[in-house]
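Novice: Quick check, what structure comes out for this input:
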Amino acid sequence: MNLEFSDKYQPLFERLYEDNNIDTFILTGGRFSAKSFTTSVFSSIALKDFAYKILYTRYTLTSAKDSIIPEFLSGIEALNIANQFDVKLDRVSHSSGGEVVFKGMKTSSGNQTAALKSLKGFNCLIVDEAEEMPSQKDFEKIQLSIRHPDKPNISILILNPATKEHWIHKKYFEEAGINGGFNGVKDNVCYIHTSYLDCLEHVPDNILLEFDRMKVRRPKEYNNVVLGGWLNKAEGVIFENWKTGNFDESLPFI
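Specialist: Purely as a prediction, here's the structure:
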């Protein structure tokens, strides 16, 4: 079955067939940008044809069967190969030896990153809604455990950009000298940014109409939520026009 994706996703699929130095993919975008669906198709092929061992996670996850598992299964169903997979409560496996395990990083009982760090044998980490992850330290605890001796070791972060104060922006954009919306490779990181404009044929007409209204009436929200742009400051702050510097004590102040 032939599926059409934006050409921007090509490097993700190429990584399955090419031996290169890319070990991190940053997938950014807004609503209807097909980030999660495309990743589910990628994962299905990785399990079936390359026997990948995938840890598929979110920071907060109350029930995998009600959230990321259906999202993942949509890729298998789109490829019309659902009958080739064994679906369990928290994992999906293929006779090739490939397997994806679904785990939450944090549950209602507290932080789980220590338990995730002890998981062995994975070569691919997928973090959905990565903007929920509060710190680089939590991410690296898990990322550094992805070290299969015989397969490419890669991490995929899927996110709707938050503010430029988020650690993902600081680490992968600010420190790397990369602007939001960039598509390309810098060092070992591949950046893929998409929006609904890359897959218009799959967006319902009523949603397109709402996006057009938002573009005019709430342009800041449109740029962040719909186009997947980074916010300079968190929503609701009282003062936005400020910067860090030496305090001027020559003027009256309290």
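
Novice: tell me how far the ends of stretch 69-87 are from each other?
Specialist: According to Cα to Cα, to the nearest Å, stretch 69-87 extends 9 Å from its N-terminal end residue to its C-terminal end residue.

Novice: Now that stretch: buried residues?
Specialist: Buried residues in stretch 69-87, counting neighbours by 16 or more other Cβ atoms under 10 Å, are found at 69, 71, 72, 73, 75, 76, 79, 81, 85. C-betas here are computed from N, CA, C, even on glycine.

Novice: Quick check: the second one touching residue 41?
Specialist: Put plainly, it is residue 71. No. The pair residue 71 and residue 41 fails to qualify as a contact (Cβ atoms under 8 Å) at a distance of 11.1 Å.

Novice: Kindly list the main-chain dihedrals of the residue nearest the centre of the chain?
Specialist: If you average the C-alpha coordinates of the chain and look for the closest C-alpha using Cα atoms, centre = their mean, you land on residue 158, 0.5 Å from that point. When read as degrees, to the nearest 10, the backbone of residue 158 gives phi -110, psi 120.

Novice: Please save the CA atoms from the helix ranked longest in the chain in CSV.
Specialist: The helix of greatest length in the chain, counted in residues with DSSP state H as the criterion, is given as helix 35-50. Included here for helix 35-50 are C-alpha records, laid out as CSV according to Å, rounded to 0.1, in the frame of the first residue of the first chain:
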residue,chain,number,x,y,z
LYS,A,35,4.0,14.0,13.3
SER,A,36,2.7,11.2,15.4
PHE,A,37,1.0,9.3,12.5
THR,A,38,4.2,9.4,10.4
THR,A,39,6.2,8.2,13.3
SER,A,40,3.8,5.3,13.8
VAL,A,41,4.3,4.3,10.2
PHE,A,42,8.1,4.6,10.6
SER,A,43,7.9,2.4,13.7
SER,A,44,5.8,-0.2,12.0
ILE,A,45,8.4,-0.6,9.2
ALA,A,46,11.2,-0.6,11.7
LEU,A,47,9.6,-3.4,13.6
LYS,A,48,8.6,-5.5,10.6
ASP,A,49,11.7,-5.1,8.4
PHE,A,50,14.5,-4.2,10.7
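
Novice: Need the residues that contact it.
Specialist: Identification of contacts with helix 35-50 by Cβ atoms under 8 Å, 6 or more residues apart in numbering yields 3, 5, 9, 12-13, 16, 27-29, 52, 54, 56, 71-76, 78-79, 81, 84-85, 92-94, 96, 98-100, 124, 126, 128, 151, 156, 158, 194.

Novice: Following element in sequence after that helix, please.
Specialist: strand 53-60 (DSSP states H and E).

Novice: buried ones in that following strand?
Specialist: Counting neighbours by 16+ other Cβ under 10 Å, strand 53-60 gives 53, 54, 55, 56, 57, 58, 59 as buried.

Novice: what sits up against that strand?
Specialist: For strand 53-60, the external contacting residues (Cβ under 8 Å, 6+ apart) are 43, 46-47, 67-68, 72, 98-107, 116, 119, 121-130, 132-134, 138, 142, 146, 148, 151.

Novice: quick one: strands adjacent to that strand?
Specialist: Sheet pairing here is set by DSSP bridges, and for strand 53-60 it gives strand 99-107 (parallel), strand 124-127 (parallel).

Novice: to the chain's geometric centre, what's the distance from the longest one?
Specialist: Between the centre of strand 99-107 and the centre of its chain there are 15 Å (Cα atoms, centre = their mean, to the nearest Å).

Novice: just the shortest one next, same as before
Specialist: Here strand 124-127 shows a centroid-to-chain-centroid distance of 9 Å under the convention Cα atoms, centre = their mean.

Novice: Looking at the contacts of helix 35-50, which are in helices?
Specialist: For the contacts of helix 35-50, the ones inside helices are 12, 13, 16, 71, 72, 73, 74, 75, 76, 78, with DSSP H as the criterion.

Novice: Cool, thanks, talk later.
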